[in-house]
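Colleague: fold the stuff below for me.
(one chain, ligands or ions: 1)
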Amino acid sequence: MIESPMIISLPSLSRFFRSSSRLAMLVPLFQFRFTASLNTNKIQESLSIFAILVFNMNATDRLTELFMRFPGIGPKQAKRFVYFLLREHSHFKEQLIKALEELKFTGKQCSKCYRFFGDKSNDNKKLVCDICDTESRDKSILLIVEKELDMDAIEKTGSYNGLYFILGGLVPPLTEKPSELIRIRELTARIHTSLEENNLTEIIFALPVTDYGDTTTEYIEKIIRQIVGIEKVKLSHLARGLSSGLELEYVDRATFKSALERRS
Ligand SMILES: [Zn+2]
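Modeller: From the prediction side, this is the model:
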């Protein structure tokens, strides 16, 4: 038997599994570093036990772990989803599996507004969503939102017929590198292209009425003003009929319509 002094340290392995709450219970087991004389059989045995512990999760545990990766979903809510699925008829589960399969192969991100969309055609060159691709939309107006849910909510109101741009985040006050938090380079590129192609005449800010929203608006306005003149493109903001801090994603038709009409 070959005996050799070995150092076993598995910090990277523990870091890898730390994201999983179930597996996190195993982390302390590997938070040690020990020097000992171990034979290869013992090492193999230890690794086998580890593999059994890690990979012997059942389907409900695995599903709970996956749901917990969703934004805003904690362990309790994740479990609730799993129990809901357990109770549901197999038809619902088949529909869900089918939709996920479709998403896996058809999910694309629009190169103009940055919205994720499903595209059943196998055209890999199609990187523009239906909204940006619709001829009848007013291409002279660009509305800036923080996230896709805001865009979806506005679309649902049916009160806006221009185009969109999704920033992908907001800038907190006193941030040193705001350009790393939002799609500002993509936005300026989009404005340049729109000016060349569509006679862009107005950019509407539809960001939250919060410190973050105001800081973001201020930052973007400053940058846009370096690209376009005041006389060429009007910068406007939704009227503050949207109560302070109200999430745009929950806005109703009447409120949004009024805020859009009274924009300034
Ligand atoms: Zn688009």
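
Colleague: all helices for the chain, in order.
Modeller: With DSSP state H, the ranges of helices along the chain come out as 11-17, 21-24, 40-55, 59-67, 75-87, 90-106, 130-133, 148-157, 184-198, 211-227, 253-261.

Colleague: how does the protein divide up, domain by domain?
Modeller: 3-56, 134-261 (automatic domain parsing).

Colleague: which stretch in the ones you listed has the least confidence?
Modeller: When these are compared on mean pLDDT, domain 3-56 scores lowest, with a mean of 46.

Colleague: nearest to the ion, of the helices of the chain?
Modeller: helix 130-133 (3.3 Å; C-beta to the ion). Where C-beta positions appear, they are placed from N, C-alpha and C, glycine not excepted.

Colleague: please save the CA atoms from the closest one in CSV.
Modeller: Taking C-alpha atoms only, helix 130-133 is exported to CSV below (Å, rounded to 0.1, in the frame of the first residue of the first chain):
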residue,chain,number,x,y,z
ASP,A,130,-41.8,41.8,-32.6
ILE,A,131,-42.3,45.2,-31.0
CYS,A,132,-39.1,46.7,-32.6
ASP,A,133,-39.9,44.9,-35.9
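
Colleague: gap between S179 and the ion?
Modeller: In this view, S179 and the ion are 22 Å apart by C-beta to the ion, to the nearest Å.

Colleague: that residue: neighbouring residues, count only.
Modeller: Residues near S179, counting by other C-beta atoms under 10 Å, number 12.

Colleague: isn't it right up against R185?
Modeller: Yes: the pair S179 / R185 is scored as a contact, 7.0 Å apart, by C-beta atoms under 8 Å.

Colleague: and this protein, which of its residues are near the ion?
Modeller: Proximity of the chain to the ion (C-beta under 5 Å from the ion) is limited to residues C110, K112, C113, C129, C132.
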